[in-house]
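J.: Got a sequence here, can you model it:
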Amino acid sequence: SEICSAHEDPTISDKIIDKEREWYIMNNNITASQLLTDRKAFDDTIESKPLLRMKHISHLDLDGYGATILSLILQKIFPDNAMTLEISNIIPNRLSVELKETLEHIDDYDLVIITDLSINQTIVDILKDHPSANKVRIFDHHICEVTDLPENFVISTKSPFYSDKLSCATELYFDFIKNDKVYGLIHDINVRERIKYFVEVVRAYDTFDFWKYKDIVENPELDEEKRFSNYLIHAMKEAPRLNTLFHILDREEFQQYIIAYSLEGANYLTIANSFDKNDKYNWIDKVIGLEENKNKKYVESAIRRIVKCPFKYDVYKEEKIYHMDYLFGVVFAEKSSPIIANTYLERNPDVDVCAVISNNQVSIYSIKKNIDVSAIAKVFNGGGHADAAGFSIPYLNASVYNQMHFQRIVECAGNLIPEDNNEEE
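T.: Next up is the predicted model:
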């Protein structure tokens with residue numbers, strides 16, 4: 001999918017200028033444009049009313065939170081009380097409900113940002129004829145089959161910075177922010193570099209570049225074509241560590257850590273170890289190392305539990321019949337699903353797709369170029385990318401399934417009890 005650009009649409013700074021708040025323009029005898037280029041004038045004009053009221057709706061994973069962290073950093077860039085921000089991190093199939101609820105209160109916002117949530121015709125139709133649709137900006141990197149998208153939708157699988165690399169929502173949103181006048185309020189080049197590096201590390205993890213090119217990451221001399229700079233190799237090394245940190249800390253603590261790194265960090269090439277030894281975050285690097293060792297053991301344990309299952313179904317949906325005939329590897333696992341799946345698929349080339357089930361979420365992966373797992377996921381009302389996708393099981397169905405699964409486990413366990421076992425044993 002190519003970028004559906006929206007450069008002609010209002011930017012963040014345009015939103016501020018368009019508000020034309022008389023209380024600061026008349027009282028200070030300056031224009032709104034000057035506020036965005038003169039920090040002192042900008043600070044002096046802030047009273048009790050915000051210049052920008054934003055809502056940000058995003059996904060629940062690292063990429064989803066990466067994008068909302070950029071909005072939080074943007075809020076920090078503004079003087080106190082100049083920007084209000086409401087964040088809602090949701091599962092993809094809740095987007096239509098969340099969007100409708102937001103549009104009911106659209107007068108409370110100047111700008112609504114949506115990131116890392118698959119866009120379908122339902123979302124387009126909700127916004128299509130709404131009088132305030134121009135307040136909504138969407139940035140997503142999932143495969144989108146909807147044609148004739150509005151100009152305020154930025155949908156692209158390709159990186160805006162690297163012609164031969166995939167993108168993520170955090171990167172697409174960053175490209176929008178950094179081209180805005182508001183970003184010019186960041187005068188410290190080191191802060192800009194750390195923000196940019198954080199975005200690249202998120203991209204390296206979300207696109208799985210850190211895994212695809214792991215041989216080069218471990219041995220840079222193998223990169224004979226010099227496709228990767230030291231900067232990109234560092235980012236790919238850092239990517240799994242950042243994801244580990246994302247799962248160690250609670251979400252609010254993770255957000256505050258990345259904001260602190262962006263605005264105060266010392267070494268921008270090591271997000272997870274960027275502070276002085278006496279800093280309150282000095283324990284993080286050691287804990288990440290311990291957690292990574294635990295994760296390696298967990299991945300190997302999960303791989304041993306994977307069961308091969310033929311997947312042959314004809315699914316009738318929207319007046320179409322989908323013929324599916326694959327060999328699946330299936331496992332229940334609570335974390336590290338992409339590592340589990342890709343490691344297993346590399347070791348078992350006969351398997352087409354690996355499914356990792358956690359609670360009511362099913363994540364599916366394939367490393368075969370002729371298989372698009374996003375097409376499989378869409379049959380079950382999910383979505384994603386060609387090599388990684390997913391869908392949800394309704395909670396009621398998941399509950400029934402878990403009961404059946406538990407009953408089957410008990411039956412299997414019963415069959416394994418030796419005949420001479422007695423109650424005392």
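J.: and stretch 148-155, what's its mean pLDDT?
T.: The average of the pLDDT scores along stretch 148-155 is 86.
J.: Strands of the stretch 251-400 of the chain, start to end?
T.: For the stretch 251-400 of the chain, the strands defined by DSSP state E, counting those that start in this stretch occupy 307-317, 320-332, 353-358, 361-365, 383-384, 388-392.
J.: can you put these in JSON lines and add mean neighbour count and distance to F174?
T.: (Glycine included, C-beta is placed from N, CA and C.) Formatted as JSON lines, the strands of the stretch 251-400 of the chain follow (neighbours: other CB atoms under 10 Å; distance: least, CB to CB, whole Å):
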{"stretch": "strand 307-317", "mean neighbour count": "11", "distance to F174": "36"}
{"stretch": "strand 320-332", "mean neighbour count": "15", "distance to F174": "35"}
{"stretch": "strand 353-358", "mean neighbour count": "22", "distance to F174": "29"}
{"stretch": "strand 361-365", "mean neighbour count": "22", "distance to F174": "25"}
{"stretch": "strand 383-384", "mean neighbour count": "23", "distance to F174": "21"}
{"stretch": "strand 388-392", "mean neighbour count": "22", "distance to F174": "21"}
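J.: right, and those strands - which one's nearest S156?
T.: Among these, the nearest to S156 by CB to CB is strand 383-384 (15.1 Å).
J.: Pick out the residue nearest the middle of the chain.
T.: Nearest to the mean C-alpha position of the chain, counting by CA atoms, centre = their mean, stands D63 at 2.0 Å.
J.: show me where the stretch 151-300 of the chain has helices.
T.: 169-178, 189-206, 209-212, 214-218, 230-248, 251-264, 284-305 (DSSP state H, counting those that start in this stretch).
J.: Now stretch 106-120: buried residues?
T.: Within stretch 106-120, the residues that qualify as buried are 106, 109-120, counting by 16 or more other CB atoms under 10 Å.
J.: hmm, back to that, report the distance from the strand or helix carrying the residue nearest to the centre of the chain to the chain centre.
T.: Per DSSP states H and E: D63 is located in helix 62-77. Taking CA atoms, centre = their mean, to the nearest Å, one finds helix 62-77 lying 11 Å from the centre of the chain it belongs to.
J.: List of residues touching it?
T.: 12, 54, 56, 58-59, 83, 85, 87, 89, 113, 115-117, 139, 168-170, 173-174, 177, 182-183, 185-186, 195, 198-199, 202, 205-206, 242-243, 246, 251, 254-255, 258-259, 262-263 (CB atoms under 8 Å, 6 or more residues apart in numbering).
J.: Any of those residues buried? List them.
T.: Here, 16+ other CB under 10 Å leaves 12, 54, 56, 58-59, 83, 85, 87, 89, 113, 115-117, 139, 168-170, 173-174, 177, 182-183, 185-186, 195, 198-199, 202, 205-206, 242-243, 246, 254-255, 258-259, 262-263 buried among those.
J.: And the pLDDT for R304?
T.: 95.
J.: Determine the number of other residues adjacent to it.
T.: 9 (other CB atoms under 10 Å).
J.: ok, now A67?
T.: A67, neighbours per other CB under 10 Å, totals 31.
J.: quick one: it from H187, how far?
T.: Computed as CB to CB, to the nearest Å, the A67 to H187 distance reads 24 Å.
J.: Kindly report the same for L117.
T.: 33 Å.
J.: who's in contact with the closest residue to the residue nearest to the centre of the chain other than its chain neighbours?
T.: Excluding the flanking residues, the one nearest D63 by CB to CB, 6 or more residues apart in numbering is D206, at 4.3 Å. Residues near D206 by CB under 8 Å, 6+ apart: 61-63, 66, 141, 168-170.
J.: Return the residues in contact with the spatially closest residue to Y365 that is not a sequence neighbour.
T.: Distances taken as CB to CB, 6+ apart place A341 nearest to Y365, at 3.8 Å, with adjacent residues excluded. Residues counted as contacts of A341 (CB under 8 Å, 6+ apart) are 329, 354-356, 363-365.
J.: can I get the buried residues of stretch 106-120 in TSV with distance to K286, secondary structure and pLDDT?
T.: Putting these into TSV (distance: CB to CB, whole Å; DSSP: H, G, I helix; E, B strand; the rest coil; pLDDT from 0 to 100) gives the following:
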residue	distance to K286	secondary structure	pLDDT
I106	47	helix	95
Y109	42	coil	94
D110	43	coil	91
L111	40	strand	93
V112	40	strand	95
I113	36	strand	96
I114	37	strand	97
T115	32	strand	98
D116	31	coil	96
L117	35	coil	95
S118	37	coil	90
I119	41	coil	91
N120	44	coil	89
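J.: close enough to count as contact, T170 and V199?
T.: Yes: counting by CB atoms under 8 Å, T170 touches V199, with 5.5 Å between them.
J.: Enumerate the strands of the stretch 1-150 of the chain by residue range, in sequence order.
T.: According to DSSP E, counting those that start in this stretch, the strands that the stretch 1-150 of the chain contains are 52-58, 83-89, 111-115, 136-140.
J.: Redo these as a markdown table? Include distance to A235.
T.: Below are these laid out as a markdown table (distance: least, CB to CB, whole Å):
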| stretch | distance to A235 |
| --- | --- |
| strand 52-58 | 21 |
| strand 83-89 | 24 |
| strand 111-115 | 20 |
| strand 136-140 | 20 |
